[in-house]
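Colleague: 3D, please:
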Amino acid sequence: MEDDRFGFPFEDEIKSAVQKFERMKRNNENYFFDVIEFETIIDYYIENNNSNKAFEAATIASEQHPNSMSIQLRKARVLLDKGRAVEALRILKHLESIEPGNHEIYVAKGTALGMLGDIQGAKKMFDFALTLDSDDLGNILFSITSVLQNLNYYEYLIPYLRQLVGLEPDFYAHLYDLAYAYEKTGDFENSIKYYREYLEEEPFSDSAWYNLGIIYNKLEQYDEALEAYDYALAINSQNTFAIFNKGNILSNLDKYAEAIPVYHEYLENEPESFEAMTYLAESYEKTGDYFMATKYYQEAIDLAPEYADPWFGLGIISLESGKPDDSLILLRKAVKLDDENPEIWYMLGKAHYAKGEKKAALRCFREALKLDAYYTEVWSDLGNMILTEGYLLKALPYLEKAYKIIGDVPGINYLLASYYLHTDMQEKAFRHLSLALDVDKEMFCDFARIFPKHILSRKVRKLLDSYNLG
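Modeller: Modelled structure (predicted):
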């Protein structure tokens with residue numbers, strides 16, 4: 001960047017000016033610099049992201065050359081870099097009155113307004129700057145888009161980027177920036193379009209393939225996402241984000257055996273990642289390899305003992321291995337670390353139930369449903385437990401009260417429908433079953449065990465037949 005801006009013939013002059021300035025500061029002396037030297041020094045520090053020295057140089061320069069437009073403009077830019085937009089605006093308004101045709105003033109003024117949250121005011125300044133110099137549109141647009149990117153005004157950025165793409169079609173980085181801006185605004189269709197256009201010209205950009213994978217993942221187009229991540233990894237095998245996301249997609253698709261080597265690859269690069277260690281352990285758990293699952297859950301706990309998920313994983317393994325006592329210890333630890341996770345409360349309830357501790361199980365199921373009223377498995381197990389343990393008449397008033405509070409949640413409607421059928425309240429049963437089926441008929445399969453055929457009325461049978469559930 002620096003070479004492109006200053007050119008090789010001027011490197012010695014830049015170096016000499018900067019060294020002279022730093023020698024002056026080091027020796028606490030006063031040297032004279034002409035305007036061009038100060039411009040060089042300030043630009044050098046700006047280019048090297050040293051806003052403190054740039055501000056120091058701009059302050060001294062404005063004292064030595066108070067009437068220099070270029071020095072004052074640079075000082076305003078340095079103030080903007082330091083987040084001091086109000087001070088910058090004071091300088092820029094003064095400069096505007098002196099040189100109203102200078103587009104750089106209006107770009108800087110638009111930057112200040114954008115930083116202060118006045119995006120409409122900023123847009124007016126930017127648009128006006130574009131009318132002042134038709135020969136420098138590319139640079140003006142580039143300055144505007146850089147500002148809007150830095151301020152995360154992606155919605156307003158897009159029209160300027162589209163102009164820039166039209167003006168400089170061979171500068172393919174603009175396509176990447178445009179794709180990213182559309183991604184940030186949630187316009188995934190256009191984002192994919194422009195990433196694809198960019199990749200036609202720059203097929204070896206692992207970051208573009210990676211971003212494309214993220215979008216496909218958000219759209220639940222998992223095959224396309226995996227393909228994009230594989231391209232990213234073929235180009236850059238050290239792209240750990242792509243490795244991690246690929247493992248997560250495979251895991252979410254229940255392809256645990258395929259996810260295992262991917263997580264191992266990630267951990268080779270990031271051995272301290274307790275999250276990846278936990279996901280690897282879960283993948284082993286899902287494939288039935290409890291030995292390896294336990295090993296990696298324990299390693300995750302060693303890395304992050306306050307992270308609830310590996311404790312939870314070990315609790316599930318203990319419960320499924322017929323060790324409810326061990327499971328209770330582990331799941332209590334997990335719920336202590338994360339008491340807002342309904343899944344942990346649910347499994348803790350199952351562990352209590354396996355121990356015959358029915359009231360404790362009911363309390364845990366209730367906590368799970370407080371956190372997630374749509375948790376199907378909890379409603380299903382709760383319904384079966386109430387019927388099995390003979391709690392129907394005691395539970396019904398509480399469920400009716402809960403229904404008034406949480407409304408037409410499918411789970412509670414299925415339970416009420418079943419309980420009303422069991423107590424021969426046919427109309428109420430039909431109403432709640434209709435409500436449940438309208439919202440989620442597929443969920444009926446999870447509750448079928450609490451709808452034995454001998455309690456189904458003819459009207460209810462017809463209702464189930466109409467949903468192809470008879």
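Colleague: which residues touch the closest residue in space to residue 426 that isn't next to it in sequence?
Modeller: Closest residue to residue 426 in three dimensions, ignoring its sequence neighbours and counting by C-beta to C-beta, 6 or more residues apart in numbering: residue 457, at 5.3 Å. To be clear about C-beta, it is placed using only N, CA and C from the backbone, and glycine gets the same treatment. For residue 457, the contact set (C-beta atoms under 8 Å, 6 or more residues apart in numbering) comprises 421, 426, 429, 430.
Colleague: what's the pLDDT at residue 457?
Modeller: You'll see residue 457 listed with a pLDDT of 90.
Colleague: so where's this protein uncertain?
Modeller: For the chain, applying pLDDT under 70 flags the ranges 1-10, 470.
Colleague: which positions within stretch 364-373 qualify as buried?
Modeller: Using 16 or more other C-beta atoms under 10 Å as the burial criterion, the residues of stretch 364-373 that qualify are 364, 365, 367, 368, 369, 371, 372, 373.
Colleague: residue 201: which of these is nearest?
Modeller: residue 372 (46.5 Å; C-beta to C-beta).
Colleague: gap between the closest one and residue 378?
Modeller: Going from residue 372 to residue 378 by C-beta to C-beta, to the nearest Å gives 8 Å.
Colleague: tell me the secondary structure at the residue nearest to residue 225 when sequence neighbours are not counted.
Modeller: With C-beta to C-beta, 6+ apart as the criterion, residue 225 has its nearest non-adjacent residue at 3.7 Å, and that residue is residue 216. Three-state secondary structure (criterion: DSSP: H, G, I helix; E, B strand; the rest coil) places residue 216 in helix.
Colleague: which SS class is residue 254?
Modeller: On the basis of three-state DSSP, residue 254 is classed as coil.
Colleague: tell me how many other residues crowd it.
Modeller: Here the number of neighbours of residue 254 (other C-beta atoms under 10 Å) works out to 11.
Colleague: burial count for the nearest residue to it once chain neighbours are set aside?
Modeller: Closest residue to residue 254 in three dimensions, ignoring its sequence neighbours and counting by C-beta to C-beta, 6+ apart: residue 286, at 7.3 Å. Neighbour count of residue 286, defined by other C-beta under 10 Å: 16.
Colleague: list the buried residues in stretch 18-26.
Modeller: By neighbour count, and taking 16+ other C-beta under 10 Å as the criterion, the buried residues in stretch 18-26 are 18, 21.
Colleague: among the buried residues of stretch 364-373, which are in helices?
Modeller: In helices, judged by DSSP state H, the following of the buried residues of stretch 364-373 are found: 364, 365, 367, 368, 369, 371.
Colleague: distance to residue 14 added to those, as CSV?
Modeller: Output for those, formatted as CSV (distance: C-beta to C-beta, whole Å):
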residue, distance to residue 14
364, 70
365, 71
367, 67
368, 66
369, 68
371, 61
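Colleague: ignoring the adjacent residues along the chain, who's closest to residue 213?
Modeller: Residue 213's closest residue in space is residue 228 (C-beta to C-beta, 6+ apart), at 3.6 Å.
Colleague: I am finished for the moment; much appreciated.
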